[in-house]
Structures are given as structure tokens and as C-alpha cells.
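Trainee: following is a predicted model, sequence given first.
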Amino acid sequence: MTLMHASCVAVDGQAVLLRGKPGSGKSDLAIRLIDRGATLVGDDYVELSAEAGRLFAEVPDTIAGRLELRGIGLVSLPHAGRAPVALLVDLVAEEAVDRLPEVRQETIEGVAVPAIRLNAAACSAPIKVEFALRDHVGV
């Protein structure tokens, strides 16, 4: 099992990992995706494990159903249990986002996961995540 510093939401039952440095917008992008219909899996840290060639994300019990919103504090939300990982989103500064990126993958726990780079502060970031799931993952 791998412990990843990331937030995670499920979109149509498929987990999206939001990874970035502290203050990069992980929780902010998560809450915007939740506002669009996603379900919280976990905030800040997720446990990743492989089973039958698929990668799964779940949240440690100590932080289940909790999301930290800067300026507000911890809020309680309904959360999904274990969910299969469909996409990894690395949160970076706008200048680090390629205009026309090559499709890339990252191997976690021996499983290849489609990965993209986005700036979480962009107002279109939640929609871009949804398009990446549809166009690069087929969800």
C-alpha cells in the first residue's frame, strides 16, 4: 500500500487523485468538483493499493468525511469508500501546463494511471478534469 499526499474525489464512481504541494489547490479543486456532482473520497492523504491489475483509493478512517477549506476550516461531507483510480491530476503553476500535452501515464503500485497537469486556480479546472476523464480515460 502507498500513502499519497493528495485529495481524491470520485466522478461517476471513478477516483481522481489531485496531487500537489501544500497550497496548490487540492482541496479547492476537490470542492469545486464536488459542487459539480463528484463525491469526496479523501482529503489530504489517500491510501492506494492494487488489486487484480487495478489501483484503488481509500481514505484513512481518521480523516474520513472531512475536507479542509482554507478560510473556513474542516467541513464534514458524505464520502465514498474505496474507489478505482481513473486519473491522476498533478496541480502545477499555469506556466507548467502544456498547451497540447502528450498523453502520459504514471505507475503506482504497479498499475499505469493516466496523468495530466493542471493549474487548480483556473476557473475551468473542474471541467478540464471531466473532459480528461471522458477523452483520455473513457469514463
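Mentor: Arrived safely, thanks for sending. Numbering: from 1, shown residues only.

Trainee: next one: the lengthiest helix in the chain to chain centre, how far?
Mentor: Secondary structure assigned by DSSP state H gives helix 26-35 as the longest helix of the chain. Relative to its chain's centre, helix 26-35 lies at 9 Å (C-alpha atoms, centre = their mean, to the nearest Å).

Trainee: pLDDT score for the residue lying closest to residue 13 once chain neighbours are set aside?
Mentor: Once flanking residues are discounted, residue 13 sits nearest to residue 83: 6.5 Å by C-beta to C-beta, 6 or more residues apart in numbering. Backbone N, C-alpha and C define where each C-beta goes, glycine included. pLDDT recorded at residue 83 is 97.

Trainee: before we move on, what about residue 97?
Mentor: According to the prediction, residue 97 has pLDDT 67.

Trainee: could you say what helices and strands the longest helix of the chain packs with?
Mentor: Under the contact criterion of 3 or more C-beta pairs under 8 Å, 6 or more residues apart in numbering; DSSP states H and E, helix 26-35 touches strand 2-11, strand 14-19, strand 66-69, strand 83-91, helix 125-132.

Trainee: just say which of those is most tucked in.
Mentor: A comparison of these by mean neighbour count, using mean count of other C-beta atoms under 10 Å, puts strand 14-19 on top with a mean of 24.

Trainee: now the protein, which segments are flagged as low pLDDT?
Mentor: 97, 100, 137-139 (pLDDT under 70).

Trainee: and the residue nearest the centre of the chain, how far from residue 68?
Mentor: The centroid of the chain falls nearest to residue 17 when counting by C-alpha atoms, centre = their mean (2.3 Å). Relative to residue 68, residue 17 is positioned 17 Å away (C-beta to C-beta, to the nearest Å).

Trainee: okay then, goodbye and thanks.
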